[in-house]
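Engineer: got a sequence here, can you model it:
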Amino acid sequence: MAEFVGAVDQGTTSTRFLVFDHDGNEVGRHQLEHEQILPQAGWVEHNPVEIWERTSAVLRTTLNRLGLSGGDLAALGITNQRETTVVWNRRTGRPYANAIVWQDTRTDRIASRLEREGHGELIRRRAGLPPATYFAGGKIQWLLEHVDGLRADAERGDALFGTTDSWLLWHLTGGTDGGIHVTDVTNASRTMLMDLETLDWDDELLALFGVPRAMLPEIRPSSDPSGYGVTRANGPLDGEVPLTGALGDQQAAMVGQVCFAPGEAKNTYGTGNFLLLNTGTELVRSEAGLLTTVCYRFGDQEPVYALEGSIAVTGSAVQWLRDQLGIISGASESESLARQVPDAGGIVFVPAFSGLFAPYWRSDARGAIVGLSRFHTNAHLARATLEAICYQSKDVADAMEQDAGVPLEVLRVDGGVTANDLCMQIQADVLGVPVSRPAVTETTALGAAYAAGLAVGFWRDTDELRANWNEDRRWQPTWDEQQRTEGHARWRKAVERTLDWVDVD
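Structural biologist: You can find the predicted model right below:
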């Protein structure tokens, strides 16, 4: 029997391939970044061909380093940046345009028009999402309206849409030679086009966005015993490996953090932050600016839902300090720089580069640094950047408590920023609850591996997965209530300064 399960983690800035053993331990990985294409203010694109090439490379390199072959993998899972939109030709395999990334705001007029014309409530009720630039439906509409020939090809069924999971699954299973065009229920729930109750594409929503059904992938469970197909024998794995797991990245992190019970929550710190709360098989409608989304569906079991608070810019704010301002040379340096000062000295940085997501949903907002004086240094800005990550998470946690009526008792965390011990301490202080980091922090890839492995019996059930989870470190809050209250009030005052900056028709 094969001893390992593999997971492709196709993220916003890079693609990784990780191999896990039965105890959930990582045994090897390789990672490659891809280009961030920024054609104009508010536009963010990726080259889908580059992403596929990077995926092929990390698959081959990881197995070569470990001395393994495809035959050593019991199954392969995929997790991905969710709303990023790819359209390609079924016959040639060529994309019609660069992928439009989830951070991209070019569809702000589409979103605002839907709200203005009274369609927002229908989208919220059916899809669990507000009309926003974040989601894929508006991005597909924009491409159909701006790419010559795309609509005609889409209506004929020659043009295919997918988030990056679909793009990779299609290539892995053969591409133009019989590639499978599928997505999973978690990724489909991020399009504004799927009915959360039927778990199928909704004709009324498709009509709102003018999206032909023929271009959409088949929606399948997140962990699928019947599989999405097998990798082609002459592909990057040099063998036929069952593809049996697919999850959007934040839902994959829920599975990797074994948040299988209603009330369990995790926060992933990546390019953005994503706080999810398991609500079980109950579909909870948010009244506080959160999203209702599918958490996962295993085989033919009932779907499990979640409330989600999505934050656009957190880890990417640290990248901004590195790449645009040049005040740090690497992400880890943000911690040492921020430790040079005891606090941010009264300045507040609101990184609303793509507007504000949950719980505000304001596409008219833009980033601001307020409270500056000549006293302040780059160390204060680094500290304010870490605080911004934590205060944005507090806004979402407060909204989640309001919707679910259950106070947060401990926050499970994962993602790259959790390596920053100072940031995690600030998070515990801001929230006033303990913050817990697991021993295996690559929970997104692990969740995709778990979904794939469950489908083929590599793991028996979720209880076996729970037994794999171990805590690495826990941060206890040190602030008193007055510090928390004053700090959050200052943060909310700064947020108000970012609103109404961009005119949205």
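Engineer: now the strands: where do they sit in the stretch 1-150 of the chain?
Structural biologist: Ranges of strands in the stretch 1-150 of the chain, per DSSP state E, counting those that start in this stretch, are 4-10, 14-20, 26-33, 45-46, 73-80, 86-89, 99-100.
Engineer: now mean pLDDT too, for the ones you listed, in TSV please.
Structural biologist: TSV is the format used below for the strands of the stretch 1-150 of the chain (pLDDT from 0 to 100):
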stretch	mean pLDDT
strand 4-10	97
strand 14-20	96
strand 26-33	95
strand 45-46	98
strand 73-80	97
strand 86-89	98
strand 99-100	98
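Engineer: including distance to V58, could the ones you listed go into TSV?
Structural biologist: The way it works is simple: take the backbone N, C-alpha and C, and place the C-beta from them, glycine included. Rendered in TSV, the data for those read as follows (distance: least, CB to CB, whole Å):
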stretch	distance to V58
strand 4-10	8
strand 14-20	4
strand 26-33	4
strand 45-46	16
strand 73-80	12
strand 86-89	18
strand 99-100	18
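Engineer: tabulate those strands (a markdown table), appending mean neighbour count.
Structural biologist: Converted to a markdown table, the strands of the stretch 1-150 of the chain look like this (neighbours: other CB atoms under 10 Å):
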| stretch | mean neighbour count |
| --- | --- |
| strand 4-10 | 28 |
| strand 14-20 | 24 |
| strand 26-33 | 16 |
| strand 45-46 | 21 |
| strand 73-80 | 29 |
| strand 86-89 | 24 |
| strand 99-100 | 26 |
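Engineer: what is the mean pLDDT for stretch 213-233?
Structural biologist: The pLDDT scores in stretch 213-233 average 93.
Engineer: now do the end-to-end distance for that stretch.
Structural biologist: End-to-end distance for stretch 213-233: 31 Å, by CA to CA, to the nearest Å.
Engineer: with stretch 309-327 instead?
Structural biologist: One end of stretch 309-327 sits 30 Å from the other (CA to CA).
Engineer: for it, buried residues please.
Structural biologist: 309-321, 327 (16 or more other CB atoms under 10 Å).
Engineer: now stretch 90-105
Structural biologist: If you call a residue buried by 16+ other CB under 10 Å, then stretch 90-105 has these buried ones: 90, 93, 95-105.
Engineer: so who does the nearest residue to T105 once chain neighbours are set aside touch?
Structural biologist: Nearest residue to T105, sequence neighbours excluded (CB to CB, 6 or more residues apart in numbering): G42, at 4.1 Å. The neighbours of G42, taking CB atoms under 8 Å, 6 or more residues apart in numbering as the test, are D104, T105, R106, D108, S354.
Engineer: identify the residue nearest the fourth one in space, chain neighbours excluded?
Structural biologist: Ranked by CB to CB, 6+ apart and with sequence neighbours excluded, the top spatial neighbour of D108 is S363, at 4.6 Å.
Engineer: may I see the contacts of G42 arranged in a markdown table, with pLDDT as well?
Structural biologist: Formatted as a markdown table, the contacts of G42 follow (pLDDT from 0 to 100):
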| residue | pLDDT |
| --- | --- |
| D104 | 93 |
| T105 | 90 |
| R106 | 93 |
| D108 | 91 |
| S354 | 81 |
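Engineer: mind checking which of the residues you listed land in helices?
Structural biologist: Among the contacts of G42, the residues falling in helices (DSSP state H) are D108.
Engineer: so which of the contacts of G42 comes closest to L243?
Structural biologist: Closest to L243 out of these is D104 (28.1 Å), distances taken as CB to CB.
Engineer: I'd like to know how many residues surround the closest residue to the closest one other than its chain neighbours.
Structural biologist: The shortest distance from D104 to any non-neighbouring residue, by CB to CB, 6+ apart, is to V44 (4.5 Å). The number of residues packed near V44 is 21, by other CB atoms under 10 Å.
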